[in-house]
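# predicted model, plus sequence, below.
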Amino acid sequence: MNDSSKIKIYSNVPNHTLLRLQCLNIYCWNINFTKGGIILNLNSKDINKIKKYYKIRILELNFSSRVKLFLKKNYINISIFSLAFLLYIFFSNLIIDVKIISNNEEIRKIISDSLEKHHISHLSLKKDYEYLSKVKEDILTKYKDKIEWLEIEPHGLTYVVKVTEKIMRDDEESTPYCHIIAAKEGIITKITNSQGEVLKSENSHVNKGDIIISGIIKAGEEDKGYTCAQGKVYAEVWYTVSVSIPLYEEEKIYTGKTRYNLKYTNGNTDYTIFKSRLKYHDDQDYKLISLLSHDLSLVKEKEYIIKENKLSEEEALVKANLLISEKINLKLTEEEKILYKKVLKKNVNDSTIDIEAFVVAEEIIGEEITYTIPLERVE
Amino acid sequence: MVNIYNNIRNFLIDENVLVAVFNNYIYIYNYQKINKLNNEEVIIKTNSNLVIIQGKELKLKKLMPSEIIISGAPSKVEFKNE
């Protein structure tokens, strides 16, 4: 009687009820007559038969019946919860994107194809650590002449693949015979050489292409040795720079007025939900919901106005001076500097001022150029 | 021979009816059907006859496929051919 339950049957004629149970082939034990009915034990499977004829109350249920009853009462909640749990498991094991971090398109293609062959691609399932290690090893073995190092890192729903490309040293580039020549016209200010023969002295004028430090060591007219000349050649070089400075300058002034808006982002496209009431505004985003590539953000719009200021000629000249320095400095390295600046021509228009300036800078003008040894000298 | 046949048949089929009367309850084995049931009288049909139980406060305590227990104060148990 493991599957037994205790119930109360509501009946005013208990003996008649028991005879009815006999007719229905329902058997029972521990029968007790109480006010308004009878309490008895019976097989749980018979409860539904009795329910058709009598009102009953279940007093005790065995474990399996209790489980069945619970499942029956809560099947909607249980189904929803189970489905949500399954979806959670599914999505947490899904790869929605594979990002390959490399500047080389060929490497990116190689990695992408290899990963796809190993079933690591967009909308595939995540792989375990052992599998990823095996994939890495396979790719590194297959492309050992192109890839130095590879790492596949899971970041949320994406895999980030970091690659270091193998740089093959080109033997042709490392030819040992070279001269240092002038890359541009100028007056030499300083030469520091560690190898080769210096042909030009300080304060001498050089044209573009002149050899300054030779890789051929000569004794009189005879070549005594061949080497790759090494050294730095500093020289004064000249520039004429033209700049145009607007006399009117726009200034952005924040009014302190802010408005809030909502923004929906789908991939790289933004949609502002409400029309903005501010003419000019800077936006600050606070992400509210982010699901896959769909985002909903709260946007704080800060209003500003644009004020126009007119510059005086002196102010414009200061600005022009700075701009000229910036322009020249863009071409210079840390070891190079501007020596002198002079305004050659100044033209004031209605809205701009045009300036042409002469600039002298000290630059490294030495450039390495390779040469070949004459055939008769090759042993 | 008839006796041996009856013994084997009884052993295999188990059709003997057992009625045990105690002070406050009656046990019946191998019954067929309860014909009548109230506080003063219970009539039970077996394969060979009717068992008529009379008394006070008679109540069914157990109802199983081949056995029943009736509690109460039985005053008379009568076997009657159908």
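Okay, I see it.
# mind telling me what element the residue most central in space within chain B is part of?
Closest residue to the average C-alpha location of chain B: residue B:28 at 3.7 Å, with CA atoms, centre = their mean. Using DSSP states H and E, residue B:28 falls within strand B:25-29.
# what packs against that strand?
Applying 3 or more CB pairs under 8 Å, 6 or more residues apart in numbering or on different chains; DSSP states H and E, one finds that strand B:25-29 makes contact with strand B:18-21, strand B:49-63, strand B:67-81. In short, each C-beta sits where N, CA and C put it, glycine included.
# nearest to residue A:71, out of the ones you listed?
strand B:49-63 (30.6 Å; CB to CB).
# close to chain A, is that closest one?
Yes: Strand B:49-63 lies within reach of chain A by CB under 8 Å from any CB of the partner chain, at B:59-63.
# residues contacting residue A:260?
The contact partners of residue A:260, by CB atoms under 8 Å, 6 or more residues apart in numbering or on different chains, come to A:298-301.
# nearest to residue A:271 among the residues you listed?
residue A:299 (11.3 Å).
# what average pLDDT does stretch A:216-232 get?
In this model, stretch A:216-232 has an average pLDDT of 82.
# could you do stretch A:47-67 as well?
88.
# just give me the neighbour total for the residue in the stretch 101-250 of chain A that chain B sits nearest to.
Nearest residue of the stretch 101-250 of chain A to chain B: residue A:125, at 56.6 Å (CB to the nearest CB). Residue A:125 has 10 neighbouring residues, counting by other CB atoms under 10 Å in any protein chain shown.
# now do the phi/psi pair for the closest residue to it other than its chain neighbours.
Leaving aside its sequence neighbours, residue A:125 sits nearest to residue A:93 (CB to CB, 6 or more residues apart in numbering or on different chains; 5.4 Å). Note on residue A:93: backbone dihedrals following degrees, to the nearest 10 are phi -110, psi 20.
# quick check: beta-bridge partners of residue 28?
Here I'm looking at chain A. residue A:42, residue B:63 (DSSP bridges).
# that's the wrong chain, I meant chain B
residue B:19, residue B:68.
# make sure it is actually in contact with residue B:45.
No: applying CB atoms under 8 Å as the test, residue B:28 and residue B:45 come out as separate, 10.6 Å apart.
# what touches both of the two?
residue B:51.
# quick check: which of the helices and strands packed on strand B:25-29 is buried the most?
Most buried of the helices and strands packed on strand B:25-29, by mean neighbour count (mean count of other CB atoms under 10 Å in any protein chain shown): strand B:49-63, with a mean of 18.
# before we move on, back to that, and the gap between the residue nearest to the centre of chain B and residue A:195?
Residue B:28 sits 126 Å away from residue A:195, going by CB to CB, to the nearest Å.
# what parts of chain B come near chain A?
Counting by CB under 8 Å from any CB, chain B sits next to chain A at B:33-34, B:37-39, B:59-65.
# residue A:143 is in contact with residue A:109, isn't it?
No: with contact defined as CB under 8 Å, residue A:143 does not count as touching residue A:109 (11.3 Å).
# of those two, which one has the most company?
Shown here are residue A:143 and residue A:109; by other CB under 10 Å, residue A:143 has more neighbours (18 against 12).
# ramachandran angles for the more buried one?
phi -110, psi 50.
# shouldn't residue A:131 be within a strand?
No: the assignment for residue A:131, made by DSSP: H, G, I helix; E, B strand; the rest coil, is helix rather than a strand.
# for residue A:115, see how far away it is.
12 Å.
# not including adjacent chain positions, what is the nearest residue to residue A:292?
In space, residue A:292 is closest to residue A:96, 6.2 Å off (CB to CB, 6+ apart).
# what sits against that neighbour?
Applying CB under 8 Å, 6+ apart, the residues contacting residue A:96 are A:122-123, A:157-158, A:292-293.
# quick one: low-confidence residue ranges for chain B.
B:1 (pLDDT under 70).
# sorry, back to before: report the two of the residues of chain B next to chain A separated the most.
By the measure CB to CB, B:39 and B:65 form the most distant pair in these, at 24.6 Å.
# which of those two has more neighbours?
residue B:39 (13 against 9).
# and that one, what is it in contact with?
Counting by CB under 8 Å, 6+ apart, residue B:39 has contacts A:15, B:56-59, B:72.
# check which residues of the helix or strand encompassing residue A:109 are buried.
Under the criterion of DSSP H and E, residue A:109 resides in helix A:105-117. Neighbour counts using 16 or more other CB atoms under 10 Å in any protein chain shown place A:107-108, A:110-111, A:114-115 of helix A:105-117 among the buried residues.
# how about the residues you listed in TSV, adding distance to chain B and pLDDT?
Shown next, in TSV, are the buried residues of helix A:105-117 (distance: CB to the nearest CB, whole Å; pLDDT from 0 to 100):
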residue	distance to chain B	pLDDT
A:107	82	87
A:108	79	88
A:110	79	88
A:111	75	89
A:114	73	89
A:115	70	89
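# contacts only, for the residue positioned nearest the centre of chain A.
Closest to where the C-alpha atoms of chain A average out (CA atoms, centre = their mean) is residue A:99, at 8.2 Å. Counting by CB under 8 Å, 6+ apart, residue A:99 touches A:158-161.
# if you set the cut-off to 6 Å instead, what comes out?
Neighbouring residues of residue A:99 by CB atoms under 6 Å, 6 or more residues apart in numbering or on different chains: A:158, A:160.
# just to revisit the earlier point, confirm for me that the residue nearest to the centre of chain B is in contact with residue B:20.
No: applying CB atoms under 6 Å as the test, residue B:28 and residue B:20 come out as separate, 7.7 Å apart.
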